[in-house]
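Asks: how would this look folded up:
(3 chains)
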Amino acid sequence: MTDATISAREAKPLPKWAVVTGSIVAVVIAIVLANAAGLMPKGTLLHGALIKPFVDMVDLPDLFVQTIWEGFVGGVLYALIALGFVLIFKASGVFNFAQGIMVVFAGLTLVGVYEKFASFGFTGMIAAYLAVVVALGVMFLLAVAVERVVLRPLVNQPDIILFMATFGLTYLLIGLGETIYGGSAKVMIADQLGLPKGAIDFDILGGRVTLQKLDIAAAVIAVAMIAVLAFFFQYTRIGRALRAVADSHKAALSVGISLNQIWIIVWFTAGIVALITGIMWGARSDVSFGLQTIALKALPVLILGGFTSVPGAIVGGLIIGIGEKIGEFYWGPLFGNGIESWLAYVIALAFLMFRPQGLFGDKIIERI
Amino acid sequence: MANHADARAVSGAHDTFPKLLALNAQRFGTRPATRHKDLGIWHSWTWSEVRDIVRHFALGLRALGLRRGDKVAIVGSNRPRLYWSMAAVQSWGGVPVPVYADSVADEMAYVLEHAEASIAVVEDQEQVDKLLSISDRLPKLTHIIYDEERGLRDYDHSRMHSFEQVQANGRAAAADPAQAKALDDEIAASKGSDLAIMLYTSGTTGRPKGVMLSNDNVIISARNGGLFDRLNENEETIAYLPLAWVGDNIFSYGQSYVLGFCVNCPESAATVVEDRREVGTSYAFAPPRVYENLLTQTMVRMEDAGPFKKKMFHYFLGVAKEWGEKILNKEPVPLVARLKYALGEVLVYGPLKNRFGLTSIRVGYTAGEAIGPEIFRFFRSLGINLKQLYGQTEASVYITAQPDGEIHADTVGKPNIDVEVKIDENGEVLYRSPGVFLGYYKDPEKTAETKTPDGWVRSGDAGFFDPKTGHLKIIDRAKDVGKLRSGALFAPKYVENKLKFYPNIKEAVAFGQDRDFATCFLNIDLTAVGSWAERNNVSYGSYQELAGHPEVIKTLTAHVDEVNRSLAGEPMMAGAQIRRFLILHKELDADDGELTRTQKVRRGFIGERYAPLVTALYDGSKRGHIRTEVTFEDGRKGVIEGDVAIVDMPLHGTADTFREAAE
Amino acid sequence: MRAPSATDIAAGEVILAVENVSLGFGGVKALTDVSFDIRKGEVRAIIGPNGAGKTSMLNCINGFYHPTEGRITFKGKTRPKMRPHEAAAGGIARTFQNVALFKGMSTLDNIMAGRTLKMNRSFFWQILRHGPAMDEEIEHRKFVEEIIDFLEIQHIRKVPVGKLPYGLQKRVELGRALAMQPDVLLLDEPMAGMNLEEKEDMCRFILDVSNQYGTTIALIEHDMGVVMDLSDRVVVLEYGRKIADGTPDEVKRDQRVIDAYLGVAH
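Replies: Numbers count the residues shown, from 1 in each chain, chains lettered A, B, ... in the order given. The predicted model follows:
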């Protein structure tokens, strides 16, 4: 074929992807050659960083699978939290700093309500699910209150003001939570909710992989939740209205979509997501205010996935979750462990260098 | 060719369209005959449903006074009801006269007046308005029937009817045995030799002529065409070309009735590609322009694609270019190439064909004018069985076509079944076949000029049989193959096609007859050049501005230079290199009479209209100035003024001199 | 061509009345004491030089702005602070000067969004996408398809509108407004930035909307030819004040309009 268009550019610089792929290939070849040449004897730092992890992955595939699985479960939960952020960010342009505390608050409410029921001698699964309903009600009231007290008065204010307002909301919820439920950590009512316990073992690849049933349940529920949300967004009138609001406030108003109503729905949806995240995360450890820091993990996920993309939140969550576990397991010892706390940010930064808008972020196309 | 006689014999009793319709209702009663996408949904009608609709509409037409021999104008885009109208009119021995829907009022007035149409079946308000605006010139036109009611509710309905109304009247009449019998008698009374349809050819010169085709002409040609490509009732086609064009009449009407396959009417002209994809057409027909547009759009879209996708696309196109045609022609191909091609099919060709709506295509034709060889090969290399066909209205389309497996980019194939072709001493192609027309309506003089008493028709095209392949090759219109003053051969269309091969060039008009050297006008392709401009941040306010942009001129200069070099490589054509050219400030447009309705360049007309520019090309000026009147869609006029740059080209030596220079 | 004659409209019922409306932003007065009315079924043009307050006027009518003084009565009801979605629910649809579409959504979804208010609010069924909500969706889709057919935009049904050329975006925006089946349609420079052919199409669509659905239309337009062809009555604003009001012919002859609009020195 001849070139279909006029070519005005004389010499093009190499495209970025070519540079990247090229350098990676070059580095890999260099490492392999260097290793073969015996430049990196066992026990040295270089060997530990560049050779040993990969050798381990191949030698003990069962451990590798186990690591990936754990990363996957963590990733799914990160994705859920990020999803809460994305929902609110899309619909109201607010970066909701309070999403983390909403997870804790929802979890505490659930446990707190159940404890209240229990104090009347009302226990078991029915009580647990009734407590879920009550917790949902509380999240709904929270959504309404946020819309009334925070968003409506601050409409058309700069984004930073709204961001600060969510800061305020965070401390308000911490205070409120401590006042009502006390500051101590609580145990999630996982049994009462019927969440499975124990583990399943698989013998594969010449080893044993252990899957916690709870993790399986968490993954299944999170995936189902994401599917329901995606469906809701794509195919229902309210979903369409949500997308409309996310796209253009002005146009949404002109077709009669009430921003206030949408905001309540979005915050409530974020509240539901928070409750589910709270249950899952709480069941794996416990429900405490310390849990809110996992919201900070959502930040690299968002950077990676793009602030406006639901699929981005999911894929971003998985990349961070799995990347983090693999990093911790294979490279952690080199750094004296504990790299889990910052590795996510490094991964996000690395991606950011090549795609500033995130993996799935809206490509900025402006017609001039 | 005698072995096909038996196939014709089957048809003896079914020698008209209403008879074929009855036959199809019987043999394919529950199979779909017509589909139409409307309001986003495909609606379909079986052959027996179509028979009933046609019958009722025919009875309704009778009530409006339709009699044997009456002409009925059919105006609009490819709507089922317009096709059904043709059969309904033919049921009474009437003659449908399809008219180009985008004709301006004046052209339409001429055709309807000349054909003496008494009824018009039209698509919508736009056409009704057009007819009403010329009604004083059409005293014979007594009734207008429309398909689409929108906007027409408040019109005077004394002589205007909706299709539904006429159909409903006919349905009521069908209950009356006397009327039903009258219809049956009339259908039975029609013969194969009767006039079936009149098609006005837009012609490159003069007023349109009404080509009269008999039932036999259309039906036998359609059948032979079907035999040639082994078509059957399972084909799916999409009807999107003008009803008034003979091709559409054969492919979307004639062959559908003869073979019983389903014709799909698209939602609108703009949705054809999408609709074609949904239908999955197996048999397609398009002028080269359609294929050109598909290719241009693909290339433009690929320019915007990611680097990986782009790489993959070009790599596999390379594979296809090397092996695709060989695989299609069932030639031996190494296994590795086959594997690469198979991978390409999954990654590139398949998705691409799907995009074009050509995934399930069995037979695809291009005709109407020469297709650029690169475009032709591109589609073939993807595994699409695209073939060339040479036809004319006067022949009921078929003169020659390429049999499967005998495909050459520069030939138009072998004579079709029952067609005889000969070349006269001036190089003009003559043919004789069962499809040869009865004559031009009310114009025995022109008929005699074109058709000899023993049935041979002068095609007006110059051509020859290629001794190597036995295929016919068309050079140009016989009268258009001219000479420069120096005596060197000058085949304008040949040069224009070479130029139009470049996606940036939409149209080219070459001059040189009896001149000292060859020159040309060029039109840029707004899609291709506009996309380039967007990518390179070249801002432009109008077509005119873009056409005059220095970078654009530079690029087109390079294209012309390449064409000159290629002409220099052909000793016969070397004298016709383009010495000077200019880029026109406006797009050539059928509304302004610059192109025919089938989008062919009207060189003579353009030469007159842009006389100052032609003069400027030959008097050595650096720029030319022009004021042109343009017609907008509603018939209003405006003026476009322009100042265009003229580019001088260096000439290349012929192959021989070039070699000397190199030594 | 137009369905209701001038006398019909003169006698017609007032659907929307603007009385002594003023609008100020801080110290800047965008509108000062403007009064006019829009009668049922008419095409009412609002014209004036740039910065005359035309768009501010539309923004007041559909509730984007709240007049600082005066009142707006729509279908007999006066609301002091009508909000945009309430205006929409009441039957006011509009388009914008610079096109406000949902750029990431398809043409179809954009126009479907115009049906938001017409859909019933059974949230539960919607989530299940079943039963009444499914029937409803189909019914609305049919309505939207009619509009798509009407505006001849079938070919871009599934294309994200952000990718469309400007002229088509304007058409989609009109489609979205039509989907609301409004009593009053406000068009803010529906032909801005269009070429002649697109303008003619748009004119035809506007006339068809007016004729076929009897929709009342208020439009802002700069092209005087378009205004004279389309509208029944014209109100002329200059520096936020009304300087003329009447039929196109009357307005054209008005000396103040000639001075203001054409800037003729005398």
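Asks: Going by C-alpha atoms from here, please, whenever you check contacts or count neighbours.
Replies: Fine.
Asks: Where does the prediction get shaky in the stretch 101-250 of chain C?
Replies: C:120-134 (pLDDT under 70).
Asks: Give me every residue in it lying close to chain B.
Replies: C:142, C:145-146, C:148-149, C:152, C:154-155, C:197, C:208, C:212 (CA under 8 Å from any CA of the partner chain).
Asks: Residue 149 - how many residues pack around it?
Replies: Assuming you mean chain A. Residues within reach of A:V149, counting by other CA atoms under 10 Å in any protein chain shown, total 11.
Asks: look at chain C instead
Replies: C:D149: 17 surrounding residues under other CA under 10 Å.
Asks: Point me to the residue of the stretch 101-250 of chain B nearest chain A.
Replies: B:R150 (26.2 Å; CA to the nearest CA).
Asks: let me redo that: chain C
Replies: Counting by CA to the nearest CA, chain C gets nearest to chain A through C:H85 (3.9 Å).
Asks: can you tell me which residues contact that residue?
Replies: A:253-258 (CA atoms under 8 Å, 6 or more residues apart in numbering or on different chains).
Asks: Can you work out which other helices and strands pack against the one helix or strand A:Y129 maps to?
Replies: According to DSSP states H and E, A:Y129 maps onto helix A:125-145. Judged by 3 or more CA pairs under 8 Å, 6 or more residues apart in numbering or on different chains; DSSP states H and E, the packing partners of helix A:125-145 are helix A:99-119, helix A:259-284.
Asks: Enumerate the positions of the longest one that are buried.
Replies: By neighbour count on 16 or more other CA atoms under 10 Å in any protein chain shown, the buried set for helix A:259-284 is A:259, A:262-284.
Asks: could you point out the longest helix in chain B?
Replies: helix B:550-568 (DSSP state H).
Asks: Mind jotting down where the helices sit in the stretch 251-368 of chain A?
Replies: A:259-284, A:294-305, A:310-326, A:340-354 (DSSP state H, counting those that start in this stretch).
Asks: Could you chop chain B up by domain?
Replies: Domain ranges of chain B: B:18-190+B:230-267, B:286-359+B:362-429+B:450-477, B:481-662, per automatic domain parsing.
Asks: Could you pull out the helices in chain C for me?
Replies: Using DSSP H, helices in chain C cover C:6-11, C:54-61, C:84-90, C:107-113, C:123-128, C:131-150, C:166-179, C:196-213, C:224-230, C:248-253, C:255-262.
Asks: Between those, which one is closest to A:A82.
Replies: Ranking the helices of chain C by their distance to A:A82 (criterion: CA to CA) puts helix C:123-128 first, at 22.6 Å.
Asks: Return the distance of the closest residue in space to A:Q292 that isn't next to it in sequence relative to chain B.
Replies: Spatially, and ignoring its direct neighbours in sequence, A:Q292 is nearest to A:G100 (4.5 Å; CA to CA, 6 or more residues apart in numbering or on different chains). A:G100 is 37 Å from chain B, where distance means CA to the nearest CA, to the nearest Å.
Asks: that older thread, tabulate the domains of chain B in CSV, adding columns for mean neighbour count, distance to B:R277 and mean pLDDT.
Replies: Output for the domains of chain B, formatted as CSV (neighbours: other CA atoms under 10 Å in any protein chain shown; distance: least, CA to CA, whole Å; pLDDT from 0 to 100):
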stretch, mean neighbour count, distance to B:R277, mean pLDDT
domain B:18-190+B:230-267, 21, 10, 94
domain B:286-359+B:362-429+B:450-477, 19, 4, 87
domain B:481-662, 18, 22, 83
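Asks: who wins for proximity to chain C among those?
Replies: The nearest among the domains of chain B, by CA to the nearest CA, is domain B:18-190+B:230-267 at 5.0 Å.
Asks: Give me the buried subset of the residues of the stretch 101-250 of chain C next to chain B.
Replies: Judged by 16+ other CA under 10 Å, buried ones among these: C:145-146, C:148-149, C:152, C:154-155, C:208, C:212.
Asks: Closest to C:D254 out of those residues?
Replies: C:D208 (29.5 Å).
Asks: was I right about C:Q154 contacting C:I148?
Replies: Yes: with contacts counted by CA atoms under 8 Å, C:Q154 reaches C:I148, the gap being 5.9 Å.
Asks: re earlier: just give the nearest non-adjacent residue to the residue of chain C closest to chain A, would you?
Replies: A:G256 (3.9 Å).
Asks: what separates the one you found from A:G306, distance-wise?
Replies: Distance, A:G256 to A:G306, by CA to CA, to the nearest Å: 29 Å.
Asks: repeat for B:D589
Replies: From B:D589 to A:G306 the distance is 47 Å (CA to CA).
Asks: All the strands of the stretch 151-300 of chain A, in order from the start?
Replies: A:199-204, A:207-212 (DSSP state E, counting those that start in this stretch).
Asks: if we can go back for a sec, may I have the residues that are in contact with the residue nearest to A:Q292?
Replies: So A:G100 contacts A:81, A:274, A:291-296 (CA under 8 Å, 6+ apart).
Asks: hang on, A:A49 in a strand?
Replies: No: counting by DSSP: H, G, I helix; E, B strand; the rest coil, A:A49 falls outside a strand, being helix.
Asks: That one contacts A:P333, correct?
Replies: No: at 9.8 Å, A:A49 does not count as touching A:P333 under the criterion of CA under 8 Å.
Asks: ok so B:V429 is a helix residue?
Replies: No: under three-state DSSP, B:V429 falls outside any helix and is assigned strand.
Asks: so what's it up against?
Replies: Going by CA under 8 Å, 6+ apart, the list of residues near B:V429 reads B:421-423, B:458-464.
Asks: now for the longest helix of chain B, which elements pack on it?
Replies: For helix B:550-568, the packing partners by 3+ CA pairs under 8 Å, 6+ apart come out as helix B:492-500, strand B:578-583.
Asks: Among the ones you listed, which comes closest to chain A?
Replies: Evaluated with CA to the nearest CA, the helices and strands packed on helix B:550-568 place helix B:492-500 nearest to chain A, the distance being 12.2 Å.
Asks: which neighbours does the helix or strand following that closest one have in its sheet, and in what orientation?
Replies: Scanning forward in sequence from helix B:492-500 by DSSP H and E, the next helix or strand is strand B:505-511. Here strand B:505-511 has these sheet partners by DSSP bridges: strand B:518-524 (antiparallel).
Asks: Alpha carbons of the partner strand, as PDB, please.
Replies: This file holds the C-alpha atoms of strand B:518-524, laid out as PDB (Å, rounded to 0.1, in the frame of the first residue of the first chain):
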ATOM      1  CA  ALA B 518      -1.400  17.800 -21.400                       C
ATOM      2  CA  THR B 519      -2.700  19.500 -18.300                       C
ATOM      3  CA  CYS B 520      -5.100  18.800 -15.600                       C
ATOM      4  CA  PHE B 521      -7.400  20.000 -12.900                       C
ATOM      5  CA  LEU B 522      -7.300  18.200  -9.500                       C
ATOM      6  CA  ASN B 523      -9.800  17.900  -6.700                       C
ATOM      7  CA  ILE B 524      -8.400  17.000  -3.300                       C
END
